[in-house]
Every structure is written in structure tokens, then in C-alpha cells.
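S.K.: Have a look at this prediction, sequence included:
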Amino acid sequence: MSSGNRTISRRDLLSRGVQTTAGIFAAAALSSCGSLESGRTAKSGPKIRFGFTTYQWGKDWDLPTLIGNCQKAGVFGAELRTSQSYAHGVELELDARQRGDVKRRFEDSPVALVGIATSERFDSPDPEKLKAAIENTKAYIKLSSDIGSSGVRVFPNSFHNNVPRERTIEQIGKSLNIVGAVAGDYGQQVRLEAHGAAGELPILKAIMDHVTEASVRVKLNCDKRDVKGEGFEHNFNLVKDLLGYTIHAHDFKDPGYPYQLMMDLLVKMGWAGWILLENSSKVPDRVTALIEQRRIFENMLQKSLGA
């Protein structure tokens with residue numbers, strides 16, 4: 001991309017700040033989607049969209065089944081979990097041809113490939129484990145780029161005996177800068193999810209205080225710990241300007257999490273992105289359950305937009 005006589009790289013774009021970064025990634029995802037409803041396209045729809053992550057409901061769905069079931073459910077964004085046990089088989093071992101096949105499958109469908117959900121974490125006091133996590137994350141960033149996705153999910157994750165919490169927080173932040181620099185070069189996001197003992201929102205804020213790479217963003221996990229301390233809105237405000245454009249939700253029927261308040265706050269701040277369902281409830285029909293969750297999401301969104 002160029003502006004006048006100056007060439008602007010993906011990394012230059014990422015460095016322009018929180019709102020610009022979010023807009024770039026949101027635009028990339030939304031432009032890759034097909035129709036959301038009959039006669040309606042992603043570009044004409046609301047900025048906040050409902051998607052699906054393959055943990056657990058999609059664990060045994062291969063790519064054609066996953067894409068087909070998402071279409072049946074009216075769900076037009078998907079995040080793929082990695083771990084060698086998922087039927088879709090999107091893993092680091094894929095060669096260039098196979099990666100191209102994955103990309104084409106999504107491009108030929110109305111379902112956007114929103115991201116890759118890894119379990120890489122940067123908390124280990126073991127230097128070799130930490131190095132492996134960093135190198136694996138770099139490889140996942142390359143995979144994400146190759147298959148047409150826009151980012152990878154990572155964890156903070158834990159604190160360790162005889163290691164000061166502040167040291168672990170700083171280590172996680174510095175590690176994120178390393179992988180974030182690679183992500184910036186590929187036009188990708190690194191999404192730090194609220195997970196594990198180091199995943200409380202105030203701790204994520206402390207970690208992000210050590211992060212200088214604009215490609216590193218925070219991913220809400222709709223954890224009931226989000227309401228601790230001074231309450232959900234206070235904790236949300238700590239990280240709202242650090243959010244990437246994916247969030248994990250678990251069950252919109254759960255009264256124990258303030259989903260409507262979260263939606264109200266996201267709409268108020270003009271957030272654009274995907275709220276991805278990560279549900280492990282036992283249900284008789286997962287497609288039917290997906291439709292039910294989508295409808296609850298749509299009702300909440302409409303209520304927030306009308307507020």
C-alpha cells in the first residue's frame with residue numbers, strides 16, 4: 001500500500017494506534033465474509049458479529065462439515081482450535097499446498113476464517129519451555145497468514161512458586177513483544193486471552209503495560225472472575241482500549257455473566273469484531289444449539305443498539 005511516494009507496510013499500519021489497528025483488522029475480516037442473512041451482506045450488517053470456535057462443539061467436524069454447519073446455523077465467522085485432536089486438521093504440519101486448500105475452502109464459502117486458537121503460553125520459568133512457546137507462536141502466525149486467517153490466540157497463563165508475580169508478568173509482556181513483532185510483519189494479531197491464574201483482567205492490564213507492539217491485543221474470555229473487585233464495568237474499562245477484534249463467549253443463557261452489559265459497553269465504545277461462541281455444554285443437536293445462541297446474541301445486540 002502506498003500514500004503519495006511513501007510505501008506503507010502492514011507494520012506501519014499497525015503502529016498507528018488502538019482504534020486504527022482495530023479498524024484495519026475488523027475491515028479485513030468483514031470484507032472476507034459472505035452474506036449474513038437473506039439479501040444482507042457482512043459490510044451492511046452491524047459491526048459486532050457472532051462467530052464460532054471449534055472447541056468443543058466443532059471438535060469432530062472436518063472442514064467441509066464445519067463450514068456447512070456454520071452456514072446452516074447462520075454463523076459466518078469461525079476460529080480453529082489447534083492441538084492435534086481436531087477433525088479439521090489445521091496444524092503446523094500442513095504443507096504449502098494444504099494451507100492453500102484451507103484458505104480456498106473458506107474463500108469459496110460465506111464463512112470467514114477469523115483466527116487460530118492455540119494453547120501457547122509464556123509464563124514458564126523454564127527457559128527452554130519459554131523459547132519453545134515463542135517459536136511455536138511464530139510458526140502459528142505464519143500458518144494463520146498462509147490460510148487467510150488474521151490472528152492467533154495465546155494464553156498468559158500461570159504464576160509459579162518461588163517466582164515473583166511481577167517477574168512473570170514482565171516475562172509474559174516481553175515474550176509478547178517478540179511474537180508481536182513477527183505478527184506485525186505478517187499483518188496478524190496476537191490475542192492474549194483472559195485464561196489461567198494470570199488471566200484476570202487487572203493482571204492482563206499489567207502485562208500489557210510491558211507490551212509495545214501494536215499487534216498484541218487482549219481477548220476477553222467472558223470469565224466470571226471479570227466481575228470481581230470493583231465489578232465488571234471497572235475491570236472492562238481497564239482493558240477496553242487494548243481489545244483485539246475477537247472475544248470468547250460461552251453460554252448466553254448463563255445468568256452468572258453480564259453478557260448484556262458487556263454488549264452495551266462494546267456498542268458504546270464502537271467496538272468492531274467477532275464474539276465467538278466457545279461452548280462445551282452437552283446438547284442433543286449442536287447446529288440447533290448454535291442457532292439458539294445466535295438468536296440470543298442478535299437480541300442482545302439489538303437491545304444495545306436501541307439503548
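M.R.: Structure's in. What do you need? Numbering: from 1, shown residues only.
S.K.: Tell me who's in contact with Leu80.
M.R.: Leu80 sits next to 53-54, 86, 88, 90, 113, 115-117, 149 when contact means CB atoms under 8 Å, 6 or more residues apart in numbering. Where you see a C-beta, it was placed from the backbone N, CA and C, and this is true even at glycine.
S.K.: Secondary structure class of it, three-state.
M.R.: The assignment at Leu80 comes out as strand when based on DSSP: H, G, I helix; E, B strand; the rest coil.
S.K.: beta partners for it?
M.R.: Ile116 (DSSP bridges).
S.K.: Restricted to strands, list the contacts of Leu80.
M.R.: Of the contacts of Leu80, the ones assigned to strands by DSSP state E are 53, 113, 115-117.
S.K.: Neighbour-wise, which one of those leads?
M.R.: Highest neighbour count within these: Gly115, with 29 neighbours (other CB atoms under 10 Å).
S.K.: Go ahead and confirm that residue touches Ile147.
M.R.: No - Gly115 lies out of contact with Ile147 (CB atoms under 8 Å); the separation is 10.3 Å.
S.K.: Would you map the strands across the stretch 151-300 of the chain?
M.R.: Under the criterion DSSP state E, counting those that start in this stretch, the stretch 151-300 of the chain carries strands at the ranges 151-155, 189-193, 216-219, 246-249, 273-277.
S.K.: okay, those strands in a markdown table with distance to Arg99 next?
M.R.: Shown next, in a markdown table, are those (distance: least, CB to CB, whole Å):
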| stretch | distance to Arg99 |
| --- | --- |
| strand 151-155 | 14 |
| strand 189-193 | 19 |
| strand 216-219 | 24 |
| strand 246-249 | 21 |
| strand 273-277 | 22 |
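S.K.: Buried deepest among these, which one?
M.R.: Ranked by mean neighbour count, these are led by strand 189-193 with a mean of 29 (mean count of other CB atoms under 10 Å).
S.K.: Tell me the confidence at the residue most central in space within the chain?
M.R.: Against the mean C-alpha coordinate of the chain, by CA atoms, centre = their mean, the closest residue is Thr246 at 3.6 Å. As predicted, Thr246 sits at a pLDDT of 98.
S.K.: so it touches Gly273, yeah?
M.R.: Yes - Thr246 is in contact with Gly273 according to CB under 8 Å; the separation is 5.9 Å.
S.K.: May I see the buried residues of stretch 80-90?
M.R.: Applying a neighbour-count criterion of 16 or more other CB atoms under 10 Å, the buried positions in stretch 80-90 are 80-82, 86, 88, 90.
S.K.: brain fart, stretch 234-244
M.R.: Neighbour-count burial for stretch 234-244 flags 235-236, 238-240, 242-244 (criterion: 16+ other CB under 10 Å).
S.K.: okay, that stretch in CSV with CA atoms only?
M.R.: Taking C-alpha atoms only, stretch 234-244 is exported to CSV below (Å, rounded to 0.1, in the frame of the first residue of the first chain):
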residue,chain,number,x,y,z
HIS,A,234,-14.4,-1.2,36.1
ASN,A,235,-12.5,-4.3,35.0
PHE,A,236,-13.7,-4.0,31.4
ASN,A,237,-12.6,-0.3,31.3
LEU,A,238,-9.0,-1.4,32.3
VAL,A,239,-8.6,-3.3,29.0
LYS,A,240,-11.2,-1.8,26.7
ASP,A,241,-8.7,0.2,24.7
LEU,A,242,-6.5,-2.9,24.4
LEU,A,243,-9.1,-5.2,22.9
GLY,A,244,-8.5,-7.1,19.7
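S.K.: circling back to that earlier point, looking at the buried residues of stretch 80-90, which is nearest Leu204?
M.R.: Ranked by distance to Leu204 (CB to CB), the buried residues of stretch 80-90 are led by Arg81 at 20.9 Å.
S.K.: how near is the closest one to Gly115?
M.R.: Arg81 is 10 Å from Gly115, where distance means CB to CB, to the nearest Å.
S.K.: How about Gly77?
M.R.: Taking CB to CB, one finds Gly77 at 9 Å from Gly115.
S.K.: need the contact list for the residue nearest to the centre of the chain.
M.R.: Counting by CB under 8 Å, 6+ apart, Thr246 touches 51, 79, 114-115, 151, 153, 191, 219, 273-276.
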